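Trainee: Curious how this folds, go ahead:
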Amino acid sequence: MIRIALLVVLGLFPQWAAAAECPGNPDALGTERVLAVDGAATPRVGRKSFPETLPLGPKEVVLTFDDGPNPGTTERVLDALKRECVRATFFLIGRHAESHPELVRRTYAEGHTIGNHTYSHPWLSQIMPARAQAEIERGFSAIQAALGPSHKMAQFFRFPGFTSTRALLDNLEQRHIAVFGADLWASDWNPMTPDQTLDLTLRRLTATGGGILLFHDTQPHTAAMLPGFLREMKRRGFNIAHVVPAPH
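Mentor: Alright, predicted model coming up:
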């Protein structure tokens, strides 16, 4: 069994306000707590792909967004999160980060965690192993370059389409890079209206009782439904846990 070891970090990040401390929004959802994840002890999480997940409490949710940054939609997602003082994790595509470094820097500056989602989003189990490994490495390099030398991205990775291989997983584990799957997703890669996305996500969240939730900040219907979704999470008693790299 994969050993899960997480540090619960409270009070270390004053800019990550709880709801009562959210400027201009005393009824905000807020970020309830911060979890520091060490890839050496936590190599893989997310029950859609792996046996283990983060040790979250009842009604705790880790928000994650894939495939950005994307002008137009990513800004709307960041605006919605900022209004509610909610922190999330963004798994970026390297070539998008190269094209829009200002969005990478904004995401980081607003307290979100930045991870890698490869350079160009191929399904890694369906290409040659050397190319798959190069996609991972180029993704880390491109995202870090967009972020700039004064800030460091997280050693967090998510496989496009969750298409991992044993060799790639072993390599990432040896390098203490934490691989994130998901416990539930919004299926927002499918054409839907914002209301349909909201309804589906809330039904799945209610059924699971929380977990690592996958969205895509490239989708207009996701960006449109997010403000209402965050307010509804607050109304239904869900809390936000934000993952960050463990200090070394």
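Trainee: Quickly find the element holding Pro227.
Mentor: When secondary structure is defined using DSSP states H and E, the element that contains Pro227 is helix 220-235.
Trainee: Any buried residues in that helix, and which?
Mentor: The neighbour-count check on helix 220-235 (16 or more other Cβ atoms under 10 Å) flags 221-227, 229-234 as buried. For the C-beta atoms, the positions are set from N, CA and C on the backbone; glycine is no exception.
Trainee: which one of those sits closest to Trp185?
Mentor: Proximity of those to Trp185 was ranked by Cβ to Cβ; the top entry is Thr222 with 11.0 Å.
Trainee: can you count the residues close to the nearest residue to that closest one once chain neighbours are set aside?
Mentor: Counting by Cβ to Cβ, 6 or more residues apart in numbering, the nearest residue to Thr222 once its immediate chain neighbours are dropped is Asp188, at 4.7 Å. Close neighbours of Asp188, defined as other Cβ atoms under 10 Å, add up to 25.
Trainee: can you check the one 5 residues further on too?
Mentor: Burial of Thr193, expressed as a neighbour count using other Cβ under 10 Å, amounts to 11.
Trainee: Excluding chain neighbours, give the residue nearest to it in space.
Mentor: His221 (6.1 Å).
Trainee: surely the one you found meets Thr197?
Mentor: Yes: counting by Cβ atoms under 8 Å, a contact exists between His221 and Thr197, whose distance comes to 5.0 Å.
Trainee: what touches both of the two?
Mentor: A shared contact of His221 and Thr197, defined by Cβ atoms under 8 Å, 6 or more residues apart in numbering, is any residue touching both; here these are Asp188.
Trainee: what about the residue nearest to Thr222, which SS state?
Mentor: Each residue gets one of three states, and Asp188 gets coil by DSSP: H, G, I helix; E, B strand; the rest coil.
Trainee: And it, how close does it get to Ser99?
Mentor: Asp188 sits at a distance of 22 Å from Ser99 (criterion: Cβ to Cβ, to the nearest Å).
Trainee: Please tell me how far the nearest residue to Pro247 once chain neighbours are set aside sits from Leu168.
Mentor: Nearest non-adjacent residue to Pro247, counting by Cβ to Cβ, 6+ apart: Ala36, 6.7 Å away. In this structure, Ala36 and Leu168 are separated by 24 Å, where distance is defined by Cβ to Cβ.
Trainee: more crowded one of those two?
Mentor: Using other Cβ under 10 Å as the criterion, Ala36 and Leu168 rank with Leu168 on top: 20 against 17.
Trainee: I figured the more buried one was touching Ala132, is that so?
Mentor: Yes: in terms of Cβ under 8 Å, Leu168 counts as a neighbour of Ala132; the distance is 6.1 Å.
Trainee: Now for these two: what residues contact both?
Mentor: Here Leu168 and Ala132 have Leu124 as joint contacts, going by Cβ under 8 Å, 6+ apart.
Trainee: End to end on stretch 66-78, go ahead and measure it.
Mentor: End-to-end distance for stretch 66-78, by Cα to Cα, to the nearest Å: 13 Å.
Trainee: Would you map the strands across the protein?
Mentor: Using DSSP state E, the strands of the chain run over 6-9, 33-37, 44-45, 60-66, 89-92, 113-116, 156-157, 178-180, 184-185, 211-216, 239-245.
Trainee: most tightly surrounded among these?
Mentor: A comparison of the strands of the chain by mean neighbour count, using mean count of other Cβ atoms under 10 Å, puts strand 89-92 on top with a mean of 28.
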